[in-house]
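**Student:** this one's structure only:
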C-alpha cells in the first residue's frame, strides 16, 4: 500500500547509500588494519595496537565519514516524501484514498526513518564485524552504541528536510532549503563571538544548538571509544524531540492545506 | 438526509478572487446517474473537492452517503470512488502497479473487476503511466474507480481523451454494472450529449449556483420552446416561462411546464403561436446559462429557484 509506494520511490537511493556506506566502512577498516595502512596494524597484535585500531575506526570512520554520509542520506531521502506528491500533482489522488492525512504523513516519514536506521545500522554493524574479523578480538561492544547518536542526528536532518518539502510543496525546494539550513548551521560556530556579542542576552548558549546536528553525532561517536566526560544525553534527547517535531509540523500543514 | 447519496445546503466556497461555489443546494438521490453539468469554471470541480475533503467549505454543510462532509472524511472515501479531472497518477508506476497500490486501501476491492475491465477497455497494464496516451490514462483512472466496488462514483470529466467506441463501452458499463447494482454515479461534465445519454437526474450549475435540478425525463417532457408572434406579450414575469429571444414581432420562450397551456394563454392575448417544440438538454443548458449572463446578480437566483422548484 502506501508503505510499499514510499519504499518503491526511495529504494534506489537507499540501496545506493547502503552500498556506498558499507563499502567505505569495510574498505577503510581493512585499510587501517593492513601493513602500511593508517595504523600499521596487521591482524592480531598487541593489545595496545588493537585499541588504537578500534579507536581510529571509531573516531575517523564513524565520526567523520559515516556522519557525513548519514547526514547526506538524510537530506537526499527526505524529498521522496509527501512533498514529491505535490510536485507530481498526485496529492489529490493520494488524499482521496480512505486514510487520514495523519496516517499518510507518518507512514511516509517512518519509511524514510527506517531506511536511515537501516543505513546506519549497516554501516556500524559492518564496521564492527570487519573490526572483529581483522583483529579477532572484541575490544568494545560500545561501538554498536554509535548507532544511536548517528541515527538521531541523521533523522533530525531528514525530518527537517521532510517538513520543508511539505511546507514548500516541492521536493526540490525542500531539499534546497534543507541544504541551505545545514550549511548555515555548520558555519554558524565561526560567527559565534560576533553572535554572542550581538545576541548575548537572548541567544547565548542556544545558537550553537543549530550546529549540533554534526556535533551530536561527532561527540556521541567519540565518547564511545574514549568516554571523557558525560555522554551527550541531553543533546540526544533534544534532537530526538526535534526529529519528531518536524513530522508533527508537517502533519499540521497537511491537515490544514487544501489540494 | 441519509436517503440522499449527496446532499448539500447553502454550500459556499470562496477564494481570494472568486466565489467558486455560491449557496449550492444539491440533492442527489441514491441509485441514479446524476449529471452535474456546467461550463468551465462554473464550480463543478470546486464542489467535488469539497465533497471529497480536498477543500473546505467556507459556509454551508452537507453529507455524502449520510456522512457529514469534512468530519467523517475517511468513511466517505471508503465508499466513494473518484476520477479527477486531471487524471494524474504516479507516472513511474504501471497500471498493474497502480492496481496493487490502490487495492490495499479498499476491503471490497474486486480483482475480478480489474481483469474484466482491463480487457474490456484494452488497457496496457505493463507500460508506465507516464508513457500512456491521454485516453489510456483516463481508462486506468476509470479502472481503479470501477474496481473499488464503491457505493458512489464521482467522475470529473470522465470522457477526457476517450474515443467514441470506448466512451460508449464505458457508459454502458456505468449503466449495466454500476447503477443496476444500486450504486450512485455523479458525473461532472460539460459534454452534455454524454450526460444526456445515461443521466437520470441533471443538476445545472453556473457561477457556483444551481440553475436547475430535476429528473432528465421530466425536463425533456416538460421543457418546450414556444415561438409566438404578436405585440404586448409578457416579457419576463411569467414564473413558468422565460423569454429567451425577441426579434421584431417574434418572441421565443423557454417554457418549463404546461407549454400548451402557456401557448393557449398567449393565443387568448392575441398572439399567433408559430411553434411549440421539444428541447434537448443542450438547448436548455444554453438557454439557462445565456439567460443568466444577461441577468444582474440580483435576479439570477430567483430564476434558478423558480425553474428548480416547479419541477
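**Tutor:** Nice, thanks for sending it over. If you're wondering where the values come from, they're calculated on a predicted model, not measured in any experiment. Numbers count the residues shown, from 1 in each chain, chains lettered A, B, ... in the order given.
**Student:** what residues does the stretch 151-259 of chain A put near chain B?
**Tutor:** Within reach of chain B by Cβ under 8 Å from any Cβ of the partner chain, the stretch 151-259 of chain A has these residues: A:258, A:259. Where C-beta positions appear, they are placed from N, C-alpha and C, glycine not excepted.
**Student:** just the helices in chain A please.
**Tutor:** A:2-33, A:47-56, A:67-77, A:82-88, A:91-95, A:101-135, A:147-168, A:171-187, A:192-199, A:212-225, A:233-256 (DSSP state H).
**Student:** quickly list what the closest residue to residue B:212 other than its chain neighbours is bridged to.
**Tutor:** Leaving aside its sequence neighbours, residue B:212 sits nearest to residue B:204 (Cβ to Cβ, 6 or more residues apart in numbering or on different chains; 4.1 Å). As for beta bridges, residue B:204 partners with residue B:37, residue B:212 under DSSP bridges.
**Student:** looking at it, residue B:204 is touching residue B:39, isn't it?
**Tutor:** No - assessed by Cβ atoms under 8 Å, residue B:204 is found out of contact with residue B:39, at 10.0 Å.
**Student:** overlap in contacts, these two.
**Tutor:** Counting by Cβ atoms under 8 Å, 6 or more residues apart in numbering or on different chains, the residues touching both residue B:204 and residue B:39 are residue B:289.
**Student:** which of these two has more neighbours?
**Tutor:** Taking neighbours as other Cβ atoms under 10 Å in any protein chain shown, residue B:204 and residue B:39 compare with residue B:204 leading, 27 against 14.
**Student:** residues in contact with the more buried one?
**Tutor:** So residue B:204 contacts B:37, B:38, B:210, B:211, B:212, B:213, B:284, B:285, B:288, B:289 (Cβ under 8 Å, 6+ apart).
**Student:** hang on, the earlier thing: just name the most buried of the helices of chain A.
**Tutor:** Of these, the one with the most neighbours on average (mean count of other Cβ atoms under 10 Å in any protein chain shown) is helix A:147-168, at a mean of 26.
**Student:** which neighbouring elements make contact with it?
**Tutor:** Under the contact criterion of 3 or more Cβ pairs under 8 Å, 6 or more residues apart in numbering or on different chains; DSSP states H and E, helix A:147-168 touches helix A:67-77, helix A:82-88, helix A:101-135, helix A:171-187, helix A:212-225, helix A:233-256.
**Student:** next, the angle helix A:2-33 makes with the first one.
**Tutor:** Which is helix A:67-77. 160 degrees (axes from the mean of the first three to the mean of the last three Cα atoms, to 10 degrees).
**Student:** ok, the third one next?
**Tutor:** Helix A:101-135 and helix A:2-33 meet at an angle of 20 degrees, taking the same axes, to 10 degrees as the criterion.
**Student:** ok, helix A:101-135 near chain B or not?
**Tutor:** No - using Cβ under 8 Å from any Cβ, helix A:101-135 stays clear of chain B, coming no nearer than 8.9 Å.
**Student:** what helices and strands are in contact with that helix?
**Tutor:** helix A:2-33, helix A:47-56, helix A:67-77, helix A:82-88, helix A:91-95, helix A:147-168, helix A:233-256.
**Student:** reformat those helices as JSON lines; add mean pLDDT.
**Tutor:** Output for the helices and strands packed on helix A:101-135, formatted as JSON lines (pLDDT from 0 to 100):
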{"stretch": "helix A:2-33", "mean pLDDT": "86"}
{"stretch": "helix A:47-56", "mean pLDDT": "71"}
{"stretch": "helix A:67-77", "mean pLDDT": "79"}
{"stretch": "helix A:82-88", "mean pLDDT": "85"}
{"stretch": "helix A:91-95", "mean pLDDT": "93"}
{"stretch": "helix A:147-168", "mean pLDDT": "89"}
{"stretch": "helix A:233-256", "mean pLDDT": "88"}
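**Student:** okay if I get those as TSV plus distance to residue B:257?
**Tutor:** Formatted as TSV, these follow (distance: least, Cβ to Cβ, whole Å):
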stretch	distance to residue B:257
helix A:2-33	52
helix A:47-56	93
helix A:67-77	65
helix A:82-88	50
helix A:91-95	41
helix A:147-168	54
helix A:233-256	47
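**Student:** what pLDDT does residue A:206 get?
**Tutor:** Residue A:206 carries a pLDDT value of 41.
**Student:** now swap in residue A:184 and tell me
**Tutor:** The predicted local confidence for residue A:184 is 78.
**Student:** distance check, it against chain B.
**Tutor:** Distance check for residue A:184 against chain B: by Cβ to the nearest Cβ, to the nearest Å, it reads 33 Å.
**Student:** and what of residue A:112?
**Tutor:** 18 Å.
**Student:** in contact with that residue, which residues?
**Tutor:** Applying Cβ under 8 Å, 6+ apart, the residues contacting residue A:112 are A:6, A:10, A:77, A:78, A:80, A:81, A:158, A:162.
**Student:** if you set the cut-off to 6 Å instead, what comes out?
**Tutor:** A:77, A:158 (Cβ atoms under 6 Å, 6 or more residues apart in numbering or on different chains).
**Student:** got it, and residue A:5?
**Tutor:** residue B:101.
**Student:** also residue B:83?
**Tutor:** Applying Cβ under 6 Å, 6+ apart, the residues near residue B:83 are B:141, B:145, B:155, B:158.
**Student:** now swap in residue B:37 and tell me
**Tutor:** B:192, B:195, B:204.
**Student:** can you read off the pLDDT for residue A:227?
**Tutor:** pLDDT, residue A:227: 57.
**Student:** sorry, slip of the keys, the one I care about is residue B:270.
**Tutor:** 78.
**Student:** now residue B:246: phi and psi?
**Tutor:** Dihedral pair for residue B:246: phi -130, psi 130, per degrees, to the nearest 10.
**Student:** tell me the SS of residue B:221?
**Tutor:** helix (DSSP: H, G, I helix; E, B strand; the rest coil).
**Student:** quick one: it from residue B:102, how far?
**Tutor:** Going from residue B:221 to residue B:102 by Cβ to Cβ, to the nearest Å gives 41 Å.
**Student:** out of these two, which sits in the more crowded spot?
**Tutor:** Neighbour comparison, residue B:221 and residue B:102: the larger count goes to residue B:102, with 21 against 11 (by other Cβ under 10 Å).
**Student:** for that one, which non-adjacent residue is spatially closest?
**Tutor:** residue B:144 (5.1 Å).
**Student:** point out where chain B drops to low pLDDT.
**Tutor:** B:1-2, B:232-239, B:244, B:291-311 (pLDDT under 70).
**Student:** for it, what's the longest strand?
**Tutor:** When chain B is parsed with DSSP state E, its longest strand is strand B:4-15.
**Student:** ok, it: who's next to it in the sheet?
**Tutor:** Sheet partners by DSSP bridges: for strand B:4-15, these are strand B:18-24 (antiparallel), strand B:27-29 (antiparallel), strand B:59-64 (antiparallel).
**Student:** for residue B:285, list the residues it contacts.
**Tutor:** Residue B:285 sits in contact with residue B:192, where contact means Cβ under 6 Å, 6+ apart.
**Student:** ok, it to residue B:219 distance?
**Tutor:** Distance from residue B:285 to residue B:219, by Cβ to Cβ: 10 Å.
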